[in-house]
Structures are given as C-alpha cells and as structure tokens.
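A.B. asks: kindly generate the corresponding structure for this input.
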Amino acid sequence: MGTRRSVSGRSVALGLAGVLLICALTPFNNYVLRNTDLVGNHLPASLLIFFLLFVLLINALLLRWWPRQALSGGELAVALGMTLVGCALPSVGLMRYLPGHLVAPFGHAAIHHESAELLRQLNLPDWLWPTMQADDPAERGLEPVVRDFSGRIAVYPDTFVNRLRAVPWGAWVRPALPWGIFLAALYGAVLCMSVIFRRQWVDNERLPFPLASVYLALIEPPPRGRVLNTMLASRAFWIAFAAVFVIHGLRALHVYWPQYWPELPLQFDLSSILADAPFNAAQGEFKRQQIYFTVIGLMFFVQTRIAFSLWFFFVLMQVVRMGYGTYHAEFTGAMEEDQRFGAVLAIAIVTLWIARHQLALVARQMFGRGRAEEPVGRYLPYWLAGWGLVACVIVLIGWLVAAGASVMGAVVLVGVIGMVYFVLARVVAETGLLYVLLPVVPTRAWLYAGELAGARTTLGSIFFSNYLFGMLLHDTREASPVFMTHALRVADEQAYSGHRTWRSAVAFTGCLVLALVVAVVVSGASTLYAHYSYASSVDQAQEQPIGSWGSWSMPRAFALDDTAQYMPPRDGPVERHSRMGHFGTGVGMTGLLAFFNLRFAAWPLHPVGYLLAMSWGTRQIWFSIFLGWLAKSLIVNYGGPRLLAASRPVLLGLIFGEAAAVAFWLTVSLLLHAMGEPYHAIWVLPG
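C.D. replies: Here you go, the predicted model:
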C-alpha cells in the first residue's frame, strides 16, 4: 500500500463525491433552510465530517478485512485536497454573490431612479448579464429572469422536476462563457501563486499551517496492523468529542423544548452593565460573546504570541474607541478601511521582501537561467507557474477593460485583489484562524491618489472596483487562496513528501483543476435552482428573498450606491477624517510591528493582531481566542511540552465534536423539513 499512486481512480472519485455533495447541498442548506453553513469558514465542518465518516465507516472496515483495498494516506490527501478547493465556491467564496450581482442591479433600477441612471451612464456590455429582451436597465428589472430570481411564484404541482424546469437556464448561457474566462484566470492565478510560495512558506519560513494539522490528523494512516490512526484510537479524543457534542445537543434540545430542557449557557452578555460611557463606545461584540470550542482547540496549534496578539489588539482597539467616545467623537468605518488598507499593503511588502530569494529563483527559471542544483517546483515547474501567473493577470486586466474599466483602473483593481488574496493565504497559514476577513476596498486607492496627485479614474473603473469588492473581497472567510495552499500542504505531508520534482505530482494539480471546474458548474446550477424555486426561506423567519444580503441588498449597497457617490459632479464619499493619516497609521504600525517581530525573537506582539483587530471575524471569536491562549499558556508553563503533546487528542476532539454537532443538527433540520415538520436552525458556529 505504501507504493500505491496517490492519484488513483478511487481517490479522484472520492474527491469528486465530496465536491458534488457539498456544492449541491450548500445553497439549499444555507439559504432555503438557513442552517449553519456547510462550509462557513476556512475549516469546513462538512468536509471534516465527510472524511471522518469515510475513515471510520469505510476505510477502517477495508483495513480490517481487505487491507490491500483500503485507501492510502496519499489517496486520502488527494481526495481531501480536491474537496477542499471545491469548498471555496458554493457560498461566500463566490456563489453567494455572483448570481445576485448579475440580476439584482436591474431589480433595483426598476424601483430606484438613481440606480437606473447609473447603469445608463455606465452602458456596460450585454455579455456580462443574463439574456434579457429590454435595453433600458429599469425595464430589464421587470423581466422574469430578474424578477423571479428574488421572488419566484410557486410552481404546480410542486415537484423537483417542475422547479428544475422553472429555472431560465437558457438566459444564463450567455454570461457563462465570459464569466467562466474570468474565473479561470482568477483561480489559475491563485493556483500559480500557491505553487510559487509553497516552498517559501513550508520549507523556508516553516509556517505552522494549523488548519492543515487538523486535516492531517484525520487522514493519517494507522500503524501497521491497526484500523484506526493515532487520533481516532485515542480515548481522550472521543471523551472530548462526546463532551462537546452533548453540550451542543443539550443546547439544541432547549431550543426545541424549552419547557423540558434548561438552557446550557455558553455565552455572556454584559451590554446592560457596560451601557454607560465610556463603554458605550465599544463594539457590541466586546460586551457579548459565545464560546467556540473549535477556536479554543485551534489556538493550541498557534504560536503563543500570535494568539496573544489576536485578542490583545482587539481589546486595545476597544480602548481606542472608548477614547474617541470620551471626546464625543467616533472611530468610523472609513477610518478602519484606511488603516486596514495600509496594514495589508505593509504585510504584503514585508512578505514579498522575506521571499525575495524564492522570487528571484522563480524569475531565473522563467527566463531559462535556472541552475542545475535549484529546486524546480513540486506541483508545477516554477517557470510555468511564473508565466502562468503573468498570463492570468493579463487576462484579468483585459477582461475588465473589455467590460468597461480603464486600463489603469483594471491594473489597480487586479493588484488589490491579488494583494488581498496573497496576504490572506499567508495570514491563515500562520494563524490558523477560521474567520479571516480582509475587506480592503479598492476604491480607497483612488481616493488616496486624488489627495496626493489629483488623479482620477473612470466611473466604469469605480463600478467594477465596488462590484468585485462585494463579490470577492468584502467577505473572505471561504476564500480560494486559503483552501488551495492548504490542499498543497496536506499533499506535501501525505502524498508527495519524498518527491523533489513536479513530474510525479503534476497529476494532483490536474485533480485540483478538475475539482474547481466541477465545483463551479454544480454550485452555480444549485444556486440558480434554489433562487428560482423558493421565494422565501422555509424556516420560521421566512427570509425574502432567500440569501437576501448576497442576492439583493449587497449588490445595491456596494455596486450601485457606493458607485453613485462618484457620479459627476460628486467625486466620492464625504469624510471628515484624514484618509492619508489613517492609511499611514496602518502602514507605519504594521511595518513597525513587523520589524520588531523579525528582529527580536522575544518580541511579544505580532503584526497580524493589529491587522485583524478591526475585522468581523475577530469580533466574533476574540474571547474564545483568549481562552485558548490562556489554556495553552497554563499548560506550557505548568506542564511543559510533554503535557502539551498529551493534550493534542483532547484539542482535536473539541474541534471534531463541534463539527459533528453542526452535521447532526443540520441533518435533523433536513429530515424534519422533508417530513413537512417545523424545525429550528441550530447555529453552532458564527455565520
């Protein structure tokens, strides 16, 4: 079994099964049932349970009775990597926003004069949108392909086949090709970037990749003669698993039958106590929090100073907010945007500087000047990855220019997207955070350019900057760069650890491309089916339209309203703070922290703490980060490395127990809905 190829018919079939299952079910689960997200973050609960069940119920039996037929660790790594990259598409990573952005602008144009006038001035090409008969944006908003996406009238008889027929598939054929080209270039760039920086982050900097540690613990091969690996054979793992599963089960029973089951609190709310000044200026999440066992467990795989920095800077930012409040001022969202832009830019520059030797190696091989003793890449040759990245960037810029952006506007927008994706992949590889959101607004770059040099860009460039910000950048908790880099990291350990060249591993790259293609098609079709079949969610809230933020509200807020602020004679939002001052604060603060972090080994603060202190993700889980940091510090200080190593199965049990709770109560909701019974969505993790 040790010499079996990692890319086999069985591993590819298992990976595609995971992609199909998650991509097909996610839109229905997330927007129609409004359950806990199947993906939801950078450690998808659905993926963990899918492979846990396979390892326990299928592979373990094969190891017991037909060991030669059991999947090897390399085969499981290939299947897990395929499923992982597929998780980036069915919800927040793409499909929660893409279809809505193609129809909602016209829906708003039909009821808002300013939105209609904006679209008339932009005069964007028809190949961007589904096929419509009318030419005027306001009239397009009344057509069935737009109207029914947000408020489909019920079909009779109400069957799956009739709902499938109700989807205007033909109207969506036209934008499929151009948007397919855009997505191919985008994900091609992500793949090439991941290949280029894999050696730098894994071999040179030795980043911990905490999330990959969880995946690897799951698919680790068992010792010879055993059917369960180290984690699954541990009694401590199953005790922690059961404890967390039972805790969430009791909380769910209270939701269903509060008269019989008392509430088991996992949260605190000090809002009423901290209602007066200066605490009233602090964010609400500072005063109320819920405990997440997954986050606590993951902090044990993160460096102590990083975990400390994550919660410390969040608390520090609340002190800053309270300081502003003391003087009857406000730390505004625009100030956050400027400081975040500067912080992301600084981390990108520092990360590129650290990787300068790796980048020089890639550049030499791109121009045929590589040395015989140099590494040539593991999953693609470096020369191909380098030129592939260049080609994908050129295609993205050309696509945006053809769509209506200026050349310089397209260059800046692609640069901002690339910068955010690059920093995002690096941050998650180092911190293992589930929820890393870096909502860098591309239009801020033009505000800075206007203040410094009086530079302006076209309205089309502003539109696409806001349009793609909403679609790709404002919510990065399920982003493709993170899943891609972690798929390669898992394959490093279990499939290709002894391989030095790309020839033996390039087949795995092909599997990832196949998974992405299947995920785009299946998640896109499933999303259209859900929207054209259900006018509202079927839970008690009856949200209308389904997925209303991504499919209706957000396209107007970002793509239309924010762009309208730049329609002549206006030149952007009116803000009273110093944009360049806050941008400079972000650059300077992050640069200073990065300098001390690289210069002094004992320096306790990491720049990623400041970077994420103002993000939605940190606000949701900062207290659980604190608990994980505190527990790890106590164990290390009083028990030493031996106790820390012994606690590893317990920590993994916390993570998998919470994932199992998500899967179980999600299944309960699906079954109750199928039987026509009322159900309650049980949210175990933030969403």
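
A.B. asks: gap between residue 170 and residue 493?
C.D. replies: Here the criterion is CB to CB, to the nearest Å. By it, residue 170 lies 46 Å from residue 493. C-beta here means a position set from N, CA and C on the backbone, and glycine is covered the same way.

A.B. asks: count residues in the vicinity of residue 347, would you?
C.D. replies: 26 (other CB atoms under 10 Å).

A.B. asks: check residue 572 too.
C.D. replies: 16.

A.B. asks: please begin residue numbering at 56 from this point
C.D. replies: Noted, 56 is the first residue going forward, which turns the last one into residue 627.

A.B. asks: check contacts around it.
C.D. replies: Going by CB atoms under 8 Å, 6 or more residues apart in numbering, residue 627 touches 498, 501-502, 505, 620-621.

A.B. asks: redo that, cut-off 6 Å
C.D. replies: 502, 620-621 (CB atoms under 6 Å, 6 or more residues apart in numbering).

A.B. asks: so who does residue 250 touch?
C.D. replies: Counting by CB under 6 Å, 6+ apart, residue 250 has contacts 434-435, 440.

A.B. asks: so for the residue nearest the centre of the chain, what's the pLDDT?
C.D. replies: Using CA atoms, centre = their mean, the residue of the chain that lies closest to the mean C-alpha position is residue 533, 1.6 Å off. With respect to pLDDT, residue 533 scores 94.

A.B. asks: if I look at it, how far off is residue 498?
C.D. replies: Residue 533 is 23 Å from residue 498, by CB to CB.

A.B. asks: read off the pLDDT value for residue 555.
C.D. replies: Residue-level confidence at residue 555 comes out at 69, pLDDT.

A.B. asks: for burial, what's the neighbour tally of residue 625?
C.D. replies: 10.

A.B. asks: would you mind measuring from it to residue 517?
C.D. replies: In terms of CB to CB, residue 625 sits 11 Å off from residue 517.

A.B. asks: if we can go back for a sec, between the contacts of residue 627, which is nearest residue 665?
C.D. replies: residue 502 (21.9 Å; CB to CB).

A.B. asks: mind checking how far the closest one is from residue 621?
C.D. replies: Taken as CB to CB, the span from residue 502 to residue 621 is 10 Å.

A.B. asks: sorry, back to before: take the contacts of residue 627 and keep only those in helices.
C.D. replies: Counting by DSSP state H, these place residue 502 in helices.

A.B. asks: export the contacts of residue 627 to TSV and append columns for pLDDT and distance to residue 218.
C.D. replies: Formatted as TSV, those follow (pLDDT from 0 to 100; distance: CB to CB, whole Å):
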residue	pLDDT	distance to residue 218
502	95	45
620	95	40
621	94	40
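
A.B. asks: distance to residue 510 and neighbour count added to the contacts of residue 627, as TSV?
C.D. replies: What follows is the contacts of residue 627, written out as TSV (distance: CB to CB, whole Å; neighbours: other CB atoms under 10 Å):
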residue	distance to residue 510	neighbour count
502	10	22
620	17	14
621	13	23
